[in-house]
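Q: give me a model of this one.
(one chain, ligands or ions: 2)
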Amino acid sequence: MSLQSWPEPVVRVQSLSESGIKAIPDRYVKPPSDRASIVCSPSVKDANIPIIDLEGLFIGANVLGGPGNPTLRQINEACRDWGFFQVVNHGVDPKLMRAMRESWREFFHLPLESKQQYANSPCTYEGYGSRLGIEKGAVLDWSDYYFLHYMPQCLRSHEKWPALPSSCREQIAEYSKQVVELSGRLMKMLSLNLGLPEDFLQRCFGGEEIGACLRVNFYPKCPQPDLTLGLSSHSDPGGLTLLLPDENVPGLQVRRGESWVTVDPVPDAFIVNIGDQMQVLSNAIYRSVEHRVIVNSAKERVSLAFFYNPKSDIPIAPAPELVTEDRPALYPAMTFDEYRLYIRTKGPRGKSQVESLKSPR
Ligand code: OGA
Ligand code: NI
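A: Ligands and ions are numbered 1, 2, ... in the order given. Just a heads-up that it's a prediction; the model follows:
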């Protein structure tokens, strides 16, 4: 199978939605076990992912206080228990966050021709896309997206970012800069929480040479939301994800045992989650958690997922400090370039990749 082109003509989900069809094409109908309607309601205690206030935890880039710090403890607990949390007072400008989300909404509402010039291919995935994976005849998700690189610098090419709306490129640059800073701080907190020096995880990721990319998701209204998903269950392949969800439309669901918890977004917060590379590095002390997106018939939804990843050609393996006789290394070393080929070829498939990696014992 080649990653050079899509196996069949690309259909924009937004065009399908806007055509006014009353039934979704078979291509988007999920097997019953995957459908959104199969939700066991969680107990009240499990109602929402933890919300953590980062106010005062940093002066500049320095974490205040050691592992005894209550905020660090909350983060540690959230990483171990949920793999997901929301952060408020995180240092990224809320005005910029809202402006960025609205610019992207505007982008998706441009005429189709203005978007088609950025049509992507499975070679790099950069640009305007409507599927993940290249298997012919695969069941597809009810969403379109835009994918772009911010880091490393050599992959950053402004021509691949939308020229319209006119403020978009400038906003992407500023937003990404601020979100990278926040990610760097989170990396320090996670390092400390794992009992490692604060720059440990950042060094494993390649120091200044990390990868960072943005995936803007657009979930159009869906006439039969109970039959499909906006994004199938998956764990994020990279390091950390910082998601800016739609303020008004819930949709993200996080796996909690056998059930799915719908995240209730806090205004101006980021939803942070652990990716597979963090699971590997921490030798599964932290685990990436499956999540998916449901759609609805009344409202479209826009979300911005910022992925903070290791430099793509560094082998990532469990940190030797976290490998003991009782807890041998669970995963072999692999570069992120090799690792992400799986999802880029097969599409979102729960946690099947990181699970299959487990060294036999
Ligand atoms: C993703 C993702 C969730 C959302 O892009 O990987 O999980 O709410 N998005 O759009
Ligand atoms: Ni995700």
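Q: where does Glu170 fall, helix, sheet strand or coil?
A: Following DSSP: H, G, I helix; E, B strand; the rest coil, Glu170 is assigned to helix.
Q: then the one 4 residues further on?
A: Three-state secondary structure (criterion: three-state DSSP) places Glu174 in helix.
Q: next up, the contacts around the closest residue to it other than its chain neighbours.
A: Nearest residue to Glu174 in three dimensions, chain neighbours excluded: Leu96, at 6.1 Å (Cβ to Cβ, 6 or more residues apart in numbering). Where you see a C-beta, it was placed from the backbone N, CA and C, and this is true even at glycine. Taking Cβ atoms under 8 Å, 6 or more residues apart in numbering as the criterion, Leu96 is in contact with Gln171, Glu174, Tyr175, Gln178.
Q: adding neighbour count and pLDDT, write those out as TSV.
A: Putting those into TSV (neighbours: other Cβ atoms under 10 Å; pLDDT from 0 to 100) gives the following:
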residue	neighbour count	pLDDT
Gln171	19	98
Glu174	15	98
Tyr175	23	98
Gln178	16	98
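Q: and those residues, which is closest to ligand 1?
A: Ligand 1 lies nearest to Tyr175 out of these, by Cβ to the nearest ligand atom, at 15.8 Å.
Q: which residues touch that closest one?
A: Per Cβ under 8 Å, 6+ apart, neighbours of Tyr175: Val92, Leu96, Met97, Met100.
Q: those, buried ones only, as a ChimeraX selection?
A: In ChimeraX, a selection of the buried entries from the contacts of Tyr175 looks like this (16 or more other Cβ atoms under 10 Å):
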select :92,97,100
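Q: let's see the pLDDT reported for Ala319.
A: On pLDDT, Ala319 comes in at 97.
Q: make that Ile38, sorry
A: Reported pLDDT for Ile38: 55.
Q: right, and the helix or strand after the helix or strand hosting Ala78?
A: In this assignment (DSSP states H and E), Ala78 forms part of helix 70-81. Using DSSP H and E, the helix or strand that follows helix 70-81 in sequence is strand 84-88.
Q: between the contacts of Tyr175, which sits nearest Gln14?
A: Taking Cβ to Cβ as the measure, Met100 is the one of those closest to Gln14, at 19.5 Å.
Q: can you pull the contacts of the closest one?
A: Here Met100 is in contact with Gln171, Ile172, Tyr175, Leu244, Leu304 (Cβ under 8 Å, 6+ apart).
Q: is it in a helix, a strand, or coil?
A: Classification of Met100 using three-state DSSP returns helix.
Q: could I get the full set of strands for the stretch 151-300 of the chain?
A: With DSSP state E, counting those that start in this stretch, the ranges of strands along the stretch 151-300 of the chain come out as 211-219, 231-234, 240-244, 252-256, 259-262, 270-274, 291-293.
Q: in a markdown table, list those strands along with mean neighbour count, mean pLDDT and distance to ligand 1.
A: Listed next are these as a markdown table, based on neighbours: other Cβ atoms under 10 Å; pLDDT from 0 to 100; distance: least, Cβ to the nearest ligand atom, whole Å:
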| stretch | mean neighbour count | mean pLDDT | distance to ligand 1 |
| --- | --- | --- | --- |
| strand 211-219 | 23 | 98 | 4 |
| strand 231-234 | 21 | 97 | 6 |
| strand 240-244 | 24 | 98 | 6 |
| strand 252-256 | 22 | 95 | 4 |
| strand 259-262 | 18 | 92 | 11 |
| strand 270-274 | 25 | 98 | 8 |
| strand 291-293 | 23 | 98 | 5 |
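Q: which one, of those, ends up nearest to Ser282?
A: strand 270-274 (8.3 Å).
Q: part of a helix, is Gln14?
A: Yes. Per three-state DSSP, Gln14 lies within a helix segment.
Q: pLDDT wise, what is the nearest residue to Gly211 once chain neighbours are set aside at?
A: Spatial nearest neighbour of Gly211, chain neighbours left out: Asn309 (3.9 Å); criterion: Cβ to Cβ, 6+ apart. For Asn309, the pLDDT comes out at 98.
Q: wait, Asn309 sits on Gly238?
A: Yes. Using Cβ atoms under 8 Å, Asn309 is in contact with Gly238, at 3.7 Å.
Q: overlap of the contact sets of the two?
A: Counting by Cβ under 8 Å, 6+ apart, the residues touching both Asn309 and Gly238 are Gly211, Gly275, Gln277, Phe336.
Q: isn't the first one right up against Thr335?
A: This means Gly211. No. In terms of Cβ under 8 Å, Gly211 does not count as a neighbour of Thr335; the distance is 11.0 Å.
Q: overlap in contacts of those two?
A: With Cβ under 8 Å, 6+ apart, Gly211 and Thr335 have common neighbours Ser312.
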